[in-house]
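Peer 1: how would this look folded up:
(one chain, ligands or ions: 1)
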Amino acid sequence: MGLFHSCLSSSSSSRAANTGLHSHASTNNHSNGIGFSSSTSTTAATTNSSVGPRSQFSESVSESSGGIMSYSGQILASPNLKVYSFADLATATKNFKPESMLGQGGFGKVYRGWIDAKTLAPSKAGSGMIVAVKRLNSESVQGFAEWRSEVNFLGMLSHPNLVKLLGYCREDKELLLVYEFMPKGSLENHLFRRGEPFPWDLRIKIVIGAARGLAFLHGLQREVIYRDFKASNILLDSNFDAKISDFGLAKLGPSQEKSHVTTRIMGTYGYAAPEYMATGHLYVKSDVYAFGVVLLEVMTGLRAHNPKRPNGQESLVDWLRPELVNKHRVKHIMDKGIIGQYSSKVASEMGRITLSCIEPDPKNRPHMKEVVEVLEHIQRINVVSDRSSTKSAVASSSRSSPHHYRYAYRAGAAGAERRRSSPRRFEVEKDMVA
Ligand SMILES: Nc1ncnc2c1ncn2[C@@H]1O[C@H](COP(=O)(O)OP(=O)(O)OP(=O)(O)O)[C@@H](O)[C@H]1O
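Peer 2: So this is what the prediction gives:
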């Protein structure tokens, strides 16, 4: 086993060497200026060099299938991204005015912007279509590696459950990304921050969409390990269809070996799989673990990690895993705000699939394809005859709740979980012993 220590600096080239990802960023208007290349260079060129026409994705997939369809998604022959100047995006976002801000993540702020729907050219605020413009903190060293990973992955992959990247800007220290706008925000917003408890049928719909997105990534011939699955990375369109965003930490899976080994362990507290934390070994099944943690959040309305919860309850999985083992106890951990919206059969089935996703041994976790099937089944059987009983069910269950679940009770928008800020990311470097 190894030693953990904080790591403040980053080496993007070592990461590229690990993954085989090589980006060639161009500041010119090449629509395919960035991509996956089969070259051996590990540095990101800043010249106008364009990239070899074939990507690692297209090599591995097109050879066998002559095409690119996998789990209803696509690997694009070449990325079709618009290259913006910084001035373009300043215009599109009203000069990054605070009023245009949609949110803030670990690597920067996200702004509402406007572009022409046909040409994708920047337009004046109020005309054309709305987009989300992410502007990375210029002082973040790790930011460049994540920006490049986002452009590489989202530039090449297309699937209904992955957020669409429309373009990017790299100018001096400025790194920006332009995405389709997701009007309903993130699952995290709805589960933990908004006033009313989020309806159960929407929760199920969203996790099915997100599961399909992950299944697509894992089903590619050269599989993609997403590595940062969490509620805040599940964005929602106007129909509450889920789209996975934020490929900053994504990795191409190993082509020969069974797992990817990394010495730089990064993720978000509460979601990272135990084998990854302990050894740096990364599997697609590590994503399945994080998916299980999101399922548990969806069931309970509680955050994956909350240091303000009482001792022993900080980690949702450690706290509630024993309750999932007994199907009769599962209903006690369900979010009390949505009682009456699901049957006890649905609750116990959810408990079962969640428990299998968070199995300590990655080999015992299901593939995402199976998870999709189980969740679709749960959605089909989620027929509740009398929804009008919801309110009284909430009231009576609060009265009879066992003491140690009191924390889960939701006193409207002022609930303790809702006041908490976003989950914290971590980054540690581990000295590996071979
Ligand atoms: N395409 C989008 N459309 C609408 N809102 C978005 C879009 N992308 C991001 N946002 C909003 O911006 C906020 C910040 O997003 P971002 O991806 O930077 O961070 P995060 O995922 O919340 O955290 P971190 O990146 O640190 O893990 C999110 O809360 C989300 O609601």
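
Peer 1: Surely V83 and L166 touch.
Peer 2: No: using C-beta atoms under 8 Å, V83 is not in contact with L166; the gap is 10.8 Å. C-beta here means a position set from N, CA and C on the backbone, and glycine is covered the same way.

Peer 1: do stretch 102-121 and the ligand meet at all?
Peer 2: Yes: interface with the ligand: stretch 102-121 contributes L102, G103, Q104, G105, G106, F107, V110 (C-beta under 6 Å from any ligand atom).

Peer 1: unless I'm mixing things up, the second one is touching V110, no?
Peer 2: Just to be clear, that refers to G103. Yes: G103 is in contact with V110 according to C-beta under 8 Å; the separation is 5.0 Å.

Peer 1: and those two? which has more neighbours close in?
Peer 2: For G103 versus V110, the count of surrounding residues by other C-beta atoms under 10 Å is larger for V110: 19 against 15.

Peer 1: Which residue would be the closest one in the chain to the ligand?
Peer 2: Per C-beta to the nearest ligand atom, G105 is where the chain lies closest to the ligand, at 2.0 Å.

Peer 1: and that residue, what are its bridge partners?
Peer 2: G108 (DSSP bridges).

Peer 1: Number of residues surrounding it?
Peer 2: Neighbour number of G105 under other C-beta under 10 Å is 18.

Peer 1: Quick check: pLDDT value at it.
Peer 2: As predicted, G105 sits at a pLDDT of 83.

Peer 1: before we move on, what about Y276?
Peer 2: pLDDT at Y276 comes out at 88.

Peer 1: Now do stretch 121-128, average pLDDT.
Peer 2: When pLDDT is averaged over stretch 121-128, the result is 87.

Peer 1: In it, which residues are buried?
Peer 2: Using 16 or more other C-beta atoms under 10 Å as the test for burial, stretch 121-128 gives P122, S123, A125, G128.

Peer 1: can you tell me how far the last one sits from K134?
Peer 2: Pointing back at G128 there. G128 sits 19 Å away from K134, going by C-beta to C-beta, to the nearest Å.

Peer 1: How about D318?
Peer 2: On the measure of C-beta to C-beta, D318 and K134 end up 33 Å apart.

Peer 1: Of those two, give the one with the bigger neighbour count.
Peer 2: Neighbour count, other C-beta under 10 Å: between D318 and K134, K134 has more, with 24 against 12.

Peer 1: and that one, what is it in contact with?
Peer 2: K134 makes contacts with G105, F107, G108, K109, V110, Y111, L176, L177, V178, Y179, as judged by C-beta atoms under 8 Å, 6 or more residues apart in numbering.

Peer 1: So which of those residues is the closest to K243?
Peer 2: For the contacts of K134, the minimum distance to K243 (C-beta to C-beta) is 9.3 Å, reached by Y179.

Peer 1: count of residues packed around the closest one?
Peer 2: Other residues near Y179 number 23, with proximity taken as other C-beta under 10 Å.

Peer 1: Please look at D116 and I130 and confirm they touch.
Peer 2: No: counting by C-beta under 8 Å, D116 does not reach I130; the two are 11.8 Å apart.

Peer 1: Which of these two has more residues huddled nearby?
Peer 2: Per other C-beta under 10 Å, whichever of D116 and I130 has more neighbours is I130, with 17 against 13.

Peer 1: Across the sheet, point out what pairs with the more buried one.
Peer 2: Beta-bridge partners, per DSSP bridges, of I130: W114.

Peer 1: Contact partners for it?
Peer 2: R112, G113, W114, F181, P183.

Peer 1: what does S123 give?
Peer 2: Residues in contact with S123, defined by C-beta under 8 Å, 6+ apart, are T91, A92, W114, I115, D116.

Peer 1: Any of the residues you listed buried? List them.
Peer 2: Buried members of the contacts of S123, counted by 16+ other C-beta under 10 Å: T91, A92, W114, I115.

Peer 1: And those, which two are furthest apart?
Peer 2: Greatest spatial distance among the buried ones among the contacts of S123 (C-beta to C-beta): T91 and I115, at 9.8 Å.

Peer 1: list the residues that contact both of those two?
Peer 2: Common contact partners of T91 and I115 (C-beta under 8 Å, 6+ apart): P122, S123.

Peer 1: What residues does the stretch 51-200 of the chain have near the ligand?
Peer 2: Counting by C-beta under 6 Å from any ligand atom, the residues of the stretch 51-200 of the chain near the ligand are 102-107, 110, 132, 134, 163, 179, 181-182, 185-186, 189.

Peer 1: which one of these is nearest G248?
Peer 2: Minimum distance to G248 across these is 7.0 Å, recorded for F107 (C-beta to C-beta).

Peer 1: wait, what's in contact with A92?
Peer 2: A92 makes contact with Y84, G113, W114, I115, P122, S123, A125, V131, V133, according to C-beta under 8 Å, 6+ apart.

Peer 1: could you point out which element follows the longest helix anywhere in the chain?
Peer 2: In the chain, with assignment by DSSP state H, the single longest helix is helix 200-219. For helix 200-219, the following helix or strand on the C-terminal side (DSSP states H and E) is strand 224-225.

Peer 1: Which secondary structure elements does the helix or strand just after that following strand sit against?
Peer 2: Counting by DSSP H and E, the next helix or strand C-terminal to strand 224-225 is strand 234-236. The helices and strands touching strand 234-236, judged by 3 or more C-beta pairs under 8 Å, 6 or more residues apart in numbering; DSSP states H and E, are helix 187-188, helix 200-219, strand 242-244.
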